[in-house]
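# Any chance you can model this:
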Amino acid sequence: MLQKTHKNNLLVHNTRWIFLSIIYLLILLQYPLSMAASKLVFHQDLVSMIQPSYLILWGLIRVAVILPLIFFLSQNIGLDGEDIYLGFKNNKNLFLFTFWGTFIFTILGVILYPFFLKSASFTLIFYLTNFPIFILYAVSNAFVEEVFFRGIGLEMFTRKYGFWFANFFQATAFALIHVFNPMSSNLWLFVGLTFFLGLAWGYMTKKYKSLLPAIVTHVIADIFVAISIF
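Next up is the predicted model:
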């Protein structure tokens, strides 16, 4: 009986890690799969054919497919919203840090934008018309990635290996998904930046026990990414 219970627990444990790996692969391969599909179907590169409507589809797929898989995984692991830092108390320091951190991050983004991302060529009318689409993309993308990397991933690896290893590991995994990103004019500089952002967001999440600062600043980062495509 004990041996059977041990086998069942081992199976559940292995299934969790396999499921975690599957979700990561889906996120990791989203860029090359999208580019391969555009080559096959449209006979051109993804970046050359991308339209604002593509960002809507991207956001909906994230919310409708990947996000439910992430929450299914968290439930099977036994993690609730508080465990993956989705809940937050009325913490004045948390909100002040989020506000000022977002302000400073936005200023730095404007300054560093030309070094990491392809320059935008659209008009102000185009920008204002499509800004809601950029917001949809940025919010859906940031929320999914923060819940997965700084939520489930950070907590799972912290429980098993400790925070510092977990933070380094999740930041490395987060940076690697950007290796296939077609939206940067300086790829390796961009990947390096995402690694350090992953470390910072992991540290902020653990310190304030909330994903709020990471999600908000990640949204700002993804808005820069979205507007750089066109």
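
# Start and end of stretch 76-92, how far apart?
Taking C-alpha to C-alpha, to the nearest Å, the first and last residues of stretch 76-92 lie 33 Å apart.

# nope, stretch 139-152 is what I meant
Taking C-alpha to C-alpha as the measure, stretch 139-152 stretches 18 Å from start to finish.

# Name the surrounding residues that touch that stretch.
Contacts made with stretch 139-152 from outside it, assessed by C-beta atoms under 8 Å, 6 or more residues apart in numbering, are listed as 20, 23-24, 27, 58-60, 62-63, 66-67, 70-71, 73-74, 77, 79, 84-86, 170-171, 173-174, 198, 201-202, 205, 211, 214-215, 218-219, 221-222. To be clear about C-beta, it is placed using only N, CA and C from the backbone, and glycine gets the same treatment.

# from those, which would you call buried?
Members of the contacts of stretch 139-152 that pass the buried threshold by neighbour count (16 or more other C-beta atoms under 10 Å) are listed as 20, 23-24, 27, 58-59, 62-63, 66-67, 70-71, 73-74, 77, 79, 84-86, 170-171, 173-174, 198, 201-202, 205, 211, 214-215, 218-219, 221-222.

# ok, and for the strand or helix carrying residue 61, which residues are buried?
Under DSSP states H and E, the secondary-structure element containing residue 61 is helix 52-61. Under the neighbour-count criterion of 16+ other C-beta under 10 Å, helix 52-61 has 52, 54, 55, 58, 59 buried.

# follow-up on the earlier one: mind checking which of the buried ones among the contacts of stretch 139-152 are in strands?
In strands, judged by DSSP state E, none of those are found.

# Now do stretch 60-70: distance from first to last residue.
For stretch 60-70, the first-to-last residue distance is 15 Å (C-alpha to C-alpha).

# can you give me how far it is from the chain middle?
Using C-alpha atoms, centre = their mean, to the nearest Å, we find the averaged C-alpha position of stretch 60-70 to lie 12 Å away from the chain's own average C-alpha position.

# Name the residues that touch that stretch?
Contacts with stretch 60-70, where a contact means C-beta under 8 Å, 6+ apart, come from 19, 22, 23, 26, 27, 140, 141, 143, 144, 147, 148, 152.

# and the first one, how many residues sit next to it?
Applying the criterion other C-beta atoms under 10 Å, we find 16 residues in the vicinity of residue 19.

# I'd like to know how far it sits from residue 165.
From residue 19 over to residue 165 the distance is 21 Å, taken as C-beta to C-beta, to the nearest Å.
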